[in-house]
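In: I'd like to go over a predicted model; first the sequence, then the structure.
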Protein chains: 2
Amino acid sequence: MGVILTPADTLVQGVLGGNRLHLARTISRVENQEQDAHAILASLYPHTGHAHIIGVTGAPGTGKSTLVTTLAQSYRQAGLTVGVVAIDPTSPFTGGALLGDRVRMRALAGDPGVFVRSMATRGSLGGLSKTTGDVVTVLDAAGFDRIIVETVGVGQAEVEIASTAHTTLVVEAPGLGDEVQAIKAGILEIADILVINKADRPGLDRTLRALEMMLEIERGSVRMIRHHGQLMRVEMPAALADSLSEDENRWQVVVMKTVATGGSGIFELRERIEAHRTWLLDSGEIVVREQLRIANTLENIVRAELNRRILASMPAAGMDGVVEAIRRRETNPYTAAEGLLRHVK
Amino acid sequence: MGVILTPADTLVQGVLGGNRLHLARTISRVENQEQDAHAILASLYPHTGHAHIIGVTGAPGTGKSTLVTTLAQSYRQAGLTVGVVAIDPTSPFTGGALLGDRVRMRALAGDPGVFVRSMATRGSLGGLSKTTGDVVTVLDAAGFDRIIVETVGVGQAEVEIASTAHTTLVVEAPGLGDEVQAIKAGILEIADILVINKADRPGLDRTLRALEMMLEIERGSVRMIRHHGQLMRVEMPAALADSLSEDENRWQVVVMKTVATGGSGIFELRERIEAHRTWLLDSGEIVVREQLRIANTLENIVRAELNRRILASMPAAGMDGVVEAIRRRETNPYTAAEGLLRHVK
């Protein structure tokens, strides 16, 4: 019954040598978390660090896929190669209905300087961040100059994925219900660049004003810092905030307007992303971002491995008995969990 | 420097005896994961099982908060007590701006038969499901007849929270961008009842048709089953699907129309929820749901405890060295994670 698998070494050499088929197979093996996935990733890792990673996130309906497609095309025109990882929160029922987005990305097909990979979120709760990071590692080792990771930024997990990028774009669109909704998602604070896509639609001014107001608050007396990979809010006296705001070395989050379907504003957006990259490199901030990315990656790997061990150490049969005992209120989940934890190696 | 804490025993007795102040304090202690939180929850657990838990989820802008408020009022009119847990994916910057939602829930204030608790998602990545479950346990032990858990259902974590309810409402609204977006969220398959709120808005017919089409697919040849708390998709031959569809004991997901701001359709929605509750009890399906809820709870507790141990076993100082070594490509995250895992007890 054996399936003949390409040996791990062959895949690693293929990825490093620009073999597209081997690249695709490697990503599949990593995505499916095959046994040799970590060995492959460990071999590829020393060859990473070249790519600039761009996270693109925002609520559904903001036109992120089209934006990513045109942005990738723009990078191609500039002579750079692009890898795209698109996270699809598809419904199991409706895979078909969602192809629309990816169809748009077909504009990128046939170009050897572009590699697009869609990943479905279903069934991967908790493991998505890790797998996404792994796929980015493979694309980075494969030598792509820019890697764009597209996620729907409403859930915390999706936000976390985007926040492991070097440059994070938060995409809005006019008239998506109340503009407060954009804020609700809790993703504004991770933006290096804010994009209002579909900027030719009614309601642009209102969305623009709302975002500018948010940015004013941010530039005021509140700062976000990261601690153990978690975003934390730090309030500071107005005087100190003022002095920091005058710090010319600080990155200024601005609002960019695009109409991705027509390509309007895309060149300017690309320029702004590259300006952020230059700022990261010149200010030394790139080191901090890399450390955060790595700390996140490490935590995701450890977490995923522990989850695997938990599942392995909880045989379904034994679990059913525990669950039934809890249901009958003979014990409770908190005491039972203590017992189960003793079984985890 | 000691803060005088109410002893755990006093809190447990207070919660069981209907003391509102003790209830609030207990929830805070559980939410903050204080040291005695699990002891309190273990003491309360034998007194749970009375409440019917209603999950309400949907995209931002669908008017969930207003719907929950009017639904709670409707239950009060029917003489039942209601606990509400509202998960707020607030931005750290914009806590103030989001109060609008909760202001609407003020209509519930002053009624001793209602208890509303808002929980912010920030900083709680991964732990939210567990904490929400813990708070539901406290409210259940406190004797509330119905507990409504409101989440923004776009992220997988939020979906997971709603799916631990007895009855799950997925809320849509007309004209929220493309109706495909609703489907994208991947939450339709967890719905026991679909609600189109803001049904007086333009675009109702289009949204209604889209949802009805989705339901047709569901009634067709695809079934969702749960395995280890994960939703899985099972395709089956049309003939088998037909025979199952004729099973009169199956719950029929229907689309309800409401205008929560005016109270229209709320009575019918409440009736439908109660019909679902009756169906769960009569069909014995309640046992399956309870088992899933308990299995989820157990897994969440074990996961949270392991995460705590991981963090405890990764001193920040030592971690910094590992991260820096990875950044210099002297090692890689996959090999380093193996090393860290050896330190987890």
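Out: Alright, I've got the coordinates. Numbers count the residues shown, from 1 in each chain, chains lettered A, B, ... in the order given.

In: how many neighbours does A:Gly203 have?
Out: For A:Gly203, the count of nearby residues is 14 (other Cβ atoms under 10 Å in any protein chain shown). All C-beta spots, glycine's among them, are computed from the backbone N, C-alpha and C.

In: Am I right that it is in contact with A:Gly175?
Out: Yes - A:Gly203 sits in contact with A:Gly175 when judged by Cβ atoms under 8 Å, with a separation of 3.6 Å.

In: which ones are touching the closest residue to chain B within the stretch 201-345 of chain A?
Out: Residue nearest to chain B within the stretch 201-345 of chain A: A:Asn332 (3.5 Å; Cβ to the nearest Cβ). Shown in contact with A:Asn332 (Cβ atoms under 8 Å, 6 or more residues apart in numbering or on different chains): A:326, B:41-42, B:45-46.

In: closest to A:Ala78 among these?
Out: The closest of the contacts of A:Asn332 to A:Ala78 turns out to be B:Leu41 (Cβ to Cβ; 56.8 Å).

In: Confirm that the closest one sits in a helix.
Out: Yes - counting by DSSP: H, G, I helix; E, B strand; the rest coil, B:Leu41 is found in a helix.

In: still on that earlier bit, what about the contacts of A:Asn332, which one has the most neighbours?
Out: B:Leu41 (26 neighbours).

In: in chain A, which helix or strand is least confident?
Out: helix A:180-184 (a mean of 45; mean pLDDT, DSSP states H and E).

In: following that helix, which helix or strand comes up?
Out: On the C-terminal side of helix A:180-184, the nearest following helix or strand under DSSP states H and E is strand A:193-196.

In: Please name the strands paired to that following strand in the sheet, noting orientation.
Out: Strand A:193-196 has its sheet partners listed here by DSSP bridges as strand A:167-172 (parallel), strand A:255-257 (parallel).

In: Considering those, which stretch scores lowest in mean pLDDT?
Out: In terms of average pLDDT, strand A:167-172 trails the rest of those, at a mean of 90.

In: So which residues make contact with it?
Out: A:52-59, A:62-64, A:67, A:153, A:162, A:182, A:187-188, A:190-197, A:207, A:211, A:269, A:273, A:276-277, A:280.

In: And the helices in the stretch 201-345 of chain A, which stretches?
Out: Along the stretch 201-345 of chain A, counting by DSSP state H, counting those that start in this stretch, helices occupy A:204-219, A:238-245, A:266-283, A:285-313, A:316-327, A:333-341.

In: Among these, which comes closest to A:Val149?
Out: So among those, helix A:285-313 is nearest, using Cβ to Cβ, at 11.4 Å.

In: Need the mean per-residue confidence for the closest one.
Out: 80.

In: quick one: buried residues of that helix?
Out: A:285, A:289-307, A:309-310 (16 or more other Cβ atoms under 10 Å in any protein chain shown).

In: how about the strands of the stretch 1-150 of chain A, start to end?
Out: Applying DSSP state E, counting those that start in this stretch to the stretch 1-150 of chain A gives strands spanning A:52-58, A:82-88, A:114-120, A:146-152.

In: Let's have those in JSON lines, adding mean pLDDT and mean neighbour count.
Out: Listed next are these as JSON lines, based on pLDDT from 0 to 100; neighbours: other Cβ atoms under 10 Å in any protein chain shown:
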{"stretch": "strand A:52-58", "mean pLDDT": "91", "mean neighbour count": "26"}
{"stretch": "strand A:82-88", "mean pLDDT": "88", "mean neighbour count": "25"}
{"stretch": "strand A:114-120", "mean pLDDT": "86", "mean neighbour count": "19"}
{"stretch": "strand A:146-152", "mean pLDDT": "89", "mean neighbour count": "27"}
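
In: Nearest to chain B, out of these?
Out: So among these, strand A:146-152 is nearest, using Cβ to the nearest Cβ, at 6.5 Å.

In: Quickly run through the sheet partners of the closest one, with directions.
Out: strand A:52-58 (parallel), strand A:82-88 (parallel).

In: pLDDT weak spots in the stretch 151-300 of chain A?
Out: Low-confidence segments of the stretch 151-300 of chain A (pLDDT under 70): A:152-163, A:176-189, A:214, A:216-248.

In: same deal with the stretch 1-150 of chain A?
Out: Scanning the stretch 1-150 of chain A for pLDDT under 70 picks out A:1-4, A:60, A:88-104, A:120-128.
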